[in-house]
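> Based on what follows, work out the 3D shape:
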Amino acid sequence: MGQLLPRTNSLTSLVNSSYELNEIRIAPSILAWDLGDLERAVEISVEGGADQVHLDVIDGHFAPNITFGPGTVKALRRRSDLKFDTHLMIDRPQLYVEKFLDAGSDLLTFHAEVLNGPSFDELSRTVITRGKEVGLALKPETDLPAWAVDRLEKISTLVVMTVNPGFSGQAMDMSVMPKLEKTSALIKARGLKTDIEIDGGVEEDNVHEVVKRGGNVLVAGAGVYAKRDPVAAISVLRRRAESARREG
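Numbers count the residues shown, from 1 in each chain. The predicted structure is shown next:
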């Protein structure tokens, strides 16, 4: 895909403008926890003061892993009223969108790689009619397609993946940072309040780079659940992210 994002000299000029940045949010990804005890993963998110729970749904086709489906989401929904951020890494989201909405998902994120303008319009109508939020995700190598640029107003969360989808525990691909910065600049230039979610390899030592380039929703799998004290790790990520935001 060709690059469709505008040139920008610096994100700093946007940060220092009158544009009001979205608040920092922490979204622990439960895929990094023991899959036999996902209730505890959700409890950790609640205890740590997370803003939402990230649910990675993978079908074995779009990405090389199989995780869980609507039944798991429904079971976990009874354990928390946190925002359920459901990331559908699947080839045919049209077949499952209603099921995940019925299960209790609050934000449904679809991948740009399996959609076009009309199919996104159909999915977004279904989600918005139910009073829920629509997200769009990009693999590390995927630029924002023209059809998505034309529909940014319908997207509540734009997910910039910084690892290849499939498995938790991968290191962040820092080569994605220029795309993150340009995407953030595009959203701010349009005056939109779209959340920019960073998914993949988020750790306390790279949060500064992510926030500096415009990310405000931080998905952390191993960055929370692989720590000795995962509850405390959520607070550490938030403090570092908010410090980076203050520094500009």
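> what about the residue lying closest to residue 126 once chain neighbours are set aside, neighbour count?
The shortest distance from residue 126 to any residue that is not its chain neighbour, by C-beta to C-beta, 6 or more residues apart in numbering, is 5.3 Å, and that residue is residue 97. Yep, even glycine has a C-beta here, placed from its N, CA and C like the rest. For residue 97, the tally of surrounding residues (other C-beta atoms under 10 Å) stands at 21.
> Could you do residue 37 as well?
By the criterion of other C-beta under 10 Å, residue 37 has 11 neighbours.
> which SSE is residue 169 in?
Residue 169 belongs to no helix or strand when elements are defined using DSSP states H and E.
> ok so, going back, residue 108 is in contact with the residue nearest to residue 126, correct?
Yes: using C-beta atoms under 8 Å, residue 97 is in contact with residue 108, at 6.4 Å.
> Residue 229 versus residue 136, what's the distance?
Per C-beta to C-beta, to the nearest Å, residue 136 is found 34 Å from residue 229.
> Settle it for me: which of those two has more neighbours?
Remark: of residue 136 and residue 229, residue 136 carries more neighbours, 24 against 12, as counted by other C-beta under 10 Å.
> Whichever helix in the chain runs longest: how far from the chain's middle?
For the chain, the longest helix by residue count, based on DSSP state H, is helix 230-247. Here the centre of mass of C-alpha atoms in helix 230-247, compared against the chain's by C-alpha atoms, centre = their mean, to the nearest Å, lies 17 Å away.
> Least confident secondary structure element in this structure?
helix 11-15 (a mean of 39; mean pLDDT, DSSP states H and E).
> Run the chain-centre distance for the next helix or strand along the chain from it.
The element immediately downstream of helix 11-15 (helix or strand, assigned by DSSP H and E) is strand 25-28. With C-alpha atoms, centre = their mean as the basis, the distance from the averaged C-alpha position of strand 25-28 to the chain average is 9 Å.
> partners of strand 25-28, with directions?
The partner list of strand 25-28 in its sheet, established with DSSP bridges, is strand 217-220 (parallel).
> Hmm, residue 193 is touching residue 21, no?
No: contact between residue 193 and residue 21 fails when scored by C-beta under 8 Å: they sit 9.5 Å apart.
> Please identify which helix or strand holds residue 197.
Per DSSP H and E: residue 197 is located in strand 195-199.
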